[in-house]
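Enquirer: no sequence for this one, just the structure:
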């Protein structure tokens with residue numbers, strides 16, 4: 001089975017995909033792949049869902065897209081109502097786009113426009129966290145504490161201030177587990193004070209860090225603590241739920257788990273389940289109303305904002321998730337899946353941590369479980385495991401660098417919400433084989 005030599009746009013060596021059905025993908029050579037990570041946690045209903053495809057086809061038969069700034073549409077209106085209902089009564093405005101990066105850009109622009117509408121244009125600085133990734137556009141990349149992806153663009157990035165990652169497995173040096181949340185909250189408070197609250201627009205964070213950290217849930221009490229700090233200083237709280245939201249963690253918003261309501265939410269991947277690119281910037285009613293009162297319009301958007309067929313896809317995906325109570329399944333079976341991974345992989349001393357929420361799980365590999373020392377970067381352990389899994393017919397999502405300086409190896413698991421129990425068992429078995437083969441090579 002051919003495997004590409006590198007992650008990127010190179011086509012040489014990549015298998016040619018021809019179809020998808022449920023949790024599986026098939027290439028032109030007849031090989032079958034179990035999609036154990038939803039690509040990068042994107043495919044919430046798997047592939048080839050007939051109901052979703054029919055909704056898209058029906059919309060295409062009428063009109064593919066009505067330009068959002070000339071027309072509304074039934075799919076746009078119904079999806080807006082559904083998403084706002086999911087987010088709760090404080091939210092009243094949505095700007096749809098195509099990608100997570102665009103959703104984050106939208107969140108930044110909404111925050112800036114809000115403070116300008118309030119007569120506070122100097123509130124234009126952003127604070128973000130180390131070892132988080134928020135997207136590939138210049139603005140979103142500026143928020144990303146992901147050195148490997150920033151390196152080529154540093155001179156053109158915005159001046160964003162960074163605070164420590166909130167990682168209970170790898171806390172800041174000298175910080176005890178019992179002191180982690182107070183220390184992180186105090187650091188954010190001090191950073192806002194040093195910049196001047198009158199200059200800070202928003203704090204941006206991932207409730208569950210995705211690719212940059214390898215699925216790192218916020219420590220217990222962290223989200224409440226940073227919410228209190230931001231409210232105290234009149235700083236907006238932006239939740240990047242591009243990977244973790246739209247049900248991936250077993251609640252529609254990942255922050256529901258923490259009992260915290262942000263001011264702005266960015267969602268993407270699972271919103272339309274990968275059937276058509278779709279993302280959304282969702283923000284509180286009072287924020288949108290203040291902007292509309294002062295400026296008359298939300299000054300962010302794109303040609304394909306509210307794309308009609310994309311909204312039809314998102315509406316179909318979300319209705320299926322509701323009707324089939326898939327978030328309940330993700331919550332309950334997610335715990336079972338995590339336990340199965342721990343049981344199957346626990347015999348390997350190199351497995352340091354199995355963590356996550358719902359169907360968003362990460363397995364971190366270390367040289368020594370007690371010291372948590374990562375493998376050398378040039379070993380490329382996570383990439384090697386991902387390659388071996390792919391050769392055995394399992395798609396997982398390897399990532400590296402979560403321990404800093406290019407060190408740290410994690411495999412992300414993010415199956416479709418409707419994956420069967422048998423498919424989840426197959427996922428565990430195939431991943432265990434890949435881990436074993438890779439570690440045997442290491443020995």
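Expert: Here it is on my side, so go on. From a predicted model like this one, the values you see are computed outputs, not experimental measurements. Numbering: from 1, shown residues only.

Enquirer: Quick one: the helices in the stretch 1-150 of the chain, in order.
Expert: 38-41, 50-62, 74-87, 100-117, 138-142, 147-150 (DSSP state H, counting those that start in this stretch).

Enquirer: ranking those helices by burial, who's on top?
Expert: helix 100-117 (a mean of 25; mean count of other C-beta atoms under 10 Å). Bear in mind the C-beta positions are built from the backbone N, C-alpha and C, glycine included.

Enquirer: Any idea how far that helix is from the middle of the chain?
Expert: 18 Å (C-alpha atoms, centre = their mean, to the nearest Å).

Enquirer: other SSEs contacting it?
Expert: Judged by 3 or more C-beta pairs under 8 Å, 6 or more residues apart in numbering; DSSP states H and E, the packing partners of helix 100-117 are strand 91-97, helix 138-142, strand 200-205, strand 236-241, strand 264-267, strand 279-284, helix 285-295.

Enquirer: Now tabulate those in TSV and tack on distance to residue 343.
Expert: Shown next, in TSV, are the helices and strands packed on helix 100-117 (distance: least, C-beta to C-beta, whole Å):
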stretch	distance to residue 343
strand 91-97	40
helix 138-142	38
strand 200-205	32
strand 236-241	29
strand 264-267	32
strand 279-284	36
helix 285-295	46
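
Enquirer: Can I get these in CSV including mean pLDDT?
Expert: Formatted as CSV, the helices and strands packed on helix 100-117 follow (pLDDT from 0 to 100):
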stretch, mean pLDDT
strand 91-97, 98
helix 138-142, 97
strand 200-205, 98
strand 236-241, 98
strand 264-267, 98
strand 279-284, 98
helix 285-295, 98
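
Enquirer: what mean pLDDT does stretch 152-172 have?
Expert: Stretch 152-172 carries an average pLDDT of 96.

Enquirer: go on, stretch 394-405?
Expert: When pLDDT is averaged over stretch 394-405, the result is 93.

Enquirer: For the nearest residue to residue 352 once chain neighbours are set aside, the count of nearby residues, please.
Expert: Distances taken as C-beta to C-beta, 6 or more residues apart in numbering place residue 366 nearest to residue 352, at 3.8 Å, with adjacent residues excluded. Residue 366 has 21 neighbours, counted by other C-beta atoms under 10 Å.

Enquirer: Could you pull up the residues touching residue 366?
Expert: Residue 366 sits next to 350-352, 372-375 when contact means C-beta atoms under 8 Å, 6 or more residues apart in numbering.

Enquirer: can you pick the most crowded of those?
Expert: Neighbour counts for the contacts of residue 366, by other C-beta under 10 Å, peak at residue 374, which reaches 26 neighbours.

Enquirer: how much space between that one and residue 409?
Expert: Look at residue 374 and residue 409: by C-beta to C-beta, to the nearest Å, they are 7 Å apart.

Enquirer: Overlap of the contact sets of the two?
Expert: Joint contacts of residue 374 and residue 409 (C-beta under 8 Å, 6+ apart) are residue 365.

Enquirer: Confirm for me that residue 49 is in contact with residue 319.
Expert: No: using C-beta atoms under 8 Å, residue 49 makes no contact with residue 319, being 11.5 Å away.

Enquirer: Report the contact partners of residue 428.
Expert: Applying C-beta under 8 Å, 6+ apart to residue 428 gives the contacts 337, 340-341, 344.

Enquirer: Tabulate those (a markdown table), appending secondary structure.
Expert: Listed next are the contacts of residue 428 as a markdown table, based on DSSP: H, G, I helix; E, B strand; the rest coil:
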| residue | secondary structure |
| --- | --- |
| 337 | helix |
| 340 | helix |
| 341 | helix |
| 344 | helix |
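
Enquirer: of all those, which comes closest to residue 380?
Expert: Nearest to residue 380 out of the contacts of residue 428 is residue 341 (C-beta to C-beta; 21.6 Å).

Enquirer: Setting the sequence-adjacent residues aside, check what's closest to the closest one.
Expert: residue 354 (5.2 Å).

Enquirer: Got the domain ranges for the protein?
Expert: 17-48+325-442, 52-323 (automatic domain parsing).

Enquirer: quick revisit: partner residues bridging the residue nearest to residue 341?
Expert: Judged by DSSP bridges, the bridge partners of residue 354 are residue 363.

Enquirer: which residues of the protein score low on pLDDT?
Expert: Counting by pLDDT under 70, the chain shows low-confidence ranges at 1-12, 442-443.

Enquirer: most centrally placed residue in it?
Expert: Geometric centre of the chain, nearest residue: residue 243, 1.6 Å, by C-alpha atoms, centre = their mean.

Enquirer: Quick one: residues contacting the spatially closest residue to that one that is not a sequence neighbour.
Expert: Distances taken as C-beta to C-beta, 6+ apart place residue 210 nearest to residue 243, at 3.7 Å, with adjacent residues excluded. By C-beta under 8 Å, 6+ apart, the contact list for residue 210 reads 40-41, 133, 242-244, 360, 412.

Enquirer: Look through this structure and tell me its longest helix.
Expert: Looking across the chain with DSSP state H, the single longest helix is helix 421-442.

Enquirer: list the buried ones in that helix?
Expert: Under the neighbour-count criterion of 16 or more other C-beta atoms under 10 Å, helix 421-442 has 423-424, 426-428, 430-432, 434-439 buried.
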